[in-house]
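Student: would you be able to build a 3D model of this:
(one chain, ligands or ions: 1)
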Amino acid sequence: MSTKKPGKFLTDIVSISDFSKKDIELVLEKAAELEKMPWQKKQKILDGKVIASLFFEPSTRTRLSFETAIQNLGGRVIGFADAGVSSYKKGETLSDTINILDKYADAIVMRHFIEGAARRAAEVTNKPVINAGDGANQHPTQTLLDLYTMKKEFGKISGLTISIAGDLKYGRTVHSLMYALAKFDNVKVYLISPESLKMPEHIIEDTKGKLKIFETTKLEKYLPKTDVLYSTRIQKERFPDEVEYEKVKNAYIITTKVVAKGKKGMKLMHPLPRVNEITTAVDKTDSAIYFEQAANGVPVREALLTLLNGVKK
Ligand code: CP
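Tutor: Numbers count the residues shown, from 1 in each chain. Modelled structure (predicted):
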């Protein structure tokens, strides 16, 4: 397993908790630099490098923005977008798959349905491993692009008031987001969810020393105080019982009327995909920045691939 050496950037991106505030700021600065970098210069960064993209779970944004980032940096991509076409289908273990990719690739980007799979992969190989989402646990690269989006919009992260609404139990993006926001100063978080989908207690315990946290079931209550409303999908695929999903699937639907109740300048973010939690009419409002947020996945993932120890020449 690769570990973080003093004064160096990380070698694996498994959990947002592995990042210091300085590491996060470095990623955001590098992403801004890469957005302006001339194409020819960018193409040399991963010249001759092969990056494996292993997706054991469905993805549109994370996989394709990583693959775009790799190609923008002059690297080449191997991998699969569906575990069903890999030897996982024949019973191959994750450890064996990673052991093999260790021989083929210079770094591994992996999404897996098992919590802790990325940590396990990082223990098997010395090549950098990037967690592109592990079950309901974490999605650290999503969080970095979320922070990049907030920084672009507000010029800061410290001092923001953020309402996080939806499936806070199973939503891995909001778990990583809580840990990341706790690295900044004076951030207030309103957690809005049905009783059955509350933020796990251990995450609240881990972050409440730094974040000012308020929990509610009411979507609109704190919107007049909110800078960022971060909406999430109810994660149907993680429910053990579909009846329970049916009870909460329409818990929060953000319409133009809901957005109008927000603080002046409030921005609406969502990691996407959405199902029905934001109506399409909201897309045309000034608050809606979720498509820009998804676009920010490319420079942020370029930044991570550029900074990671052990990928570059
Ligand atoms: N935000 C996100 O992880 O989207 P995908 O599942 O499409 O990658």
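Student: ok, which residues in this protein are in contact with the ligand?
Tutor: Neighbours of the ligand within the chain, by CB under 6 Å from any ligand atom: Ser59, Thr60, Arg61, Thr62, Gly133, His139, Gln142, Pro271, Leu272, Pro273. C-beta coordinates here come from the backbone N, C-alpha and C atoms, glycine included.
Student: quick one: buried ones out of the residues you listed?
Tutor: Neighbour counting by 16 or more other CB atoms under 10 Å classes Ser59, Arg61, Thr62, Gly133, His139, Gln142, Pro271, Leu272 among the residues of the chain next to the ligand as buried.
Student: what's the closest of the residues of the chain next to the ligand to Ala83?
Tutor: For the residues of the chain next to the ligand, the closest approach to Ala83 (CB to CB) belongs to Ser59, at 11.6 Å.
Student: all helices for the stretch 201-313 of the chain, in order.
Tutor: Counting by DSSP state H, counting those that start in this stretch, one finds helices in the stretch 201-313 of the chain at the ranges 201-207, 242-248, 256-260, 290-295, 297-307.
Student: from the centre of the protein, point out the most distant residue.
Tutor: Each residue of the chain has a distance to the centre, and by CA atoms, centre = their mean the biggest one is for Lys90: 30.0 Å.
Student: next, it: phi, psi?
Tutor: Note on Lys90: its backbone torsions stand at phi -90, psi 0 [degrees, to the nearest 10].
Student: please report how far it lies from Leu101.
Tutor: Note on Lys90: its distance to Leu101, by CB to CB, to the nearest Å, is 16 Å.
Student: now do the contacts for the residue in the stretch 151-300 of the chain positioned nearest to the ligand.
Tutor: Here the stretch 151-300 of the chain gets closest to the ligand at one residue, Pro271, 3.8 Å apart by CB to the nearest ligand atom. Counting by CB atoms under 8 Å, 6 or more residues apart in numbering, Pro271 touches Arg61, His139, Gln142, Asp146, Thr173, Thr232, Arg233, Gln293.
Student: buried residues in stretch 183-199?
Tutor: Going by neighbour count (16+ other CB under 10 Å), the buried part of stretch 183-199 is 183-184, 187-194, 197-199.
Student: got it, and stretch 292-300?
Tutor: By 16+ other CB under 10 Å, the buried positions in stretch 292-300 come out as Gln293, Ala294, Asn296, Gly297, Val298, Pro299, Val300.
Student: so which of the residues you listed is the closest to Gln71?
Tutor: Distance to Gln71 across the buried residues of stretch 292-300 (CB to CB) is lowest for Val298, with 10.1 Å.
Student: tell me the contacts of that closest one?
Tutor: When the contact criterion is CB under 8 Å, 6+ apart, the partners of Val298 are Ser65, Thr68, Ala69, Asn72.
Student: could you report the neighbour count for Phe291?
Tutor: The local packing of Phe291 (other CB atoms under 10 Å) involves 11 other residues.
Student: pLDDT wise, what is it at?
Tutor: Taken from the predicted model, the pLDDT recorded for Phe291 is 98.
Student: picking up where we left off before, kindly compare burial across the helices of the stretch 201-313 of the chain and name the winner.
Tutor: Neighbour counts averaged per stretch over those are highest for helix 297-307, at a mean of 25; criterion: mean count of other CB atoms under 10 Å.
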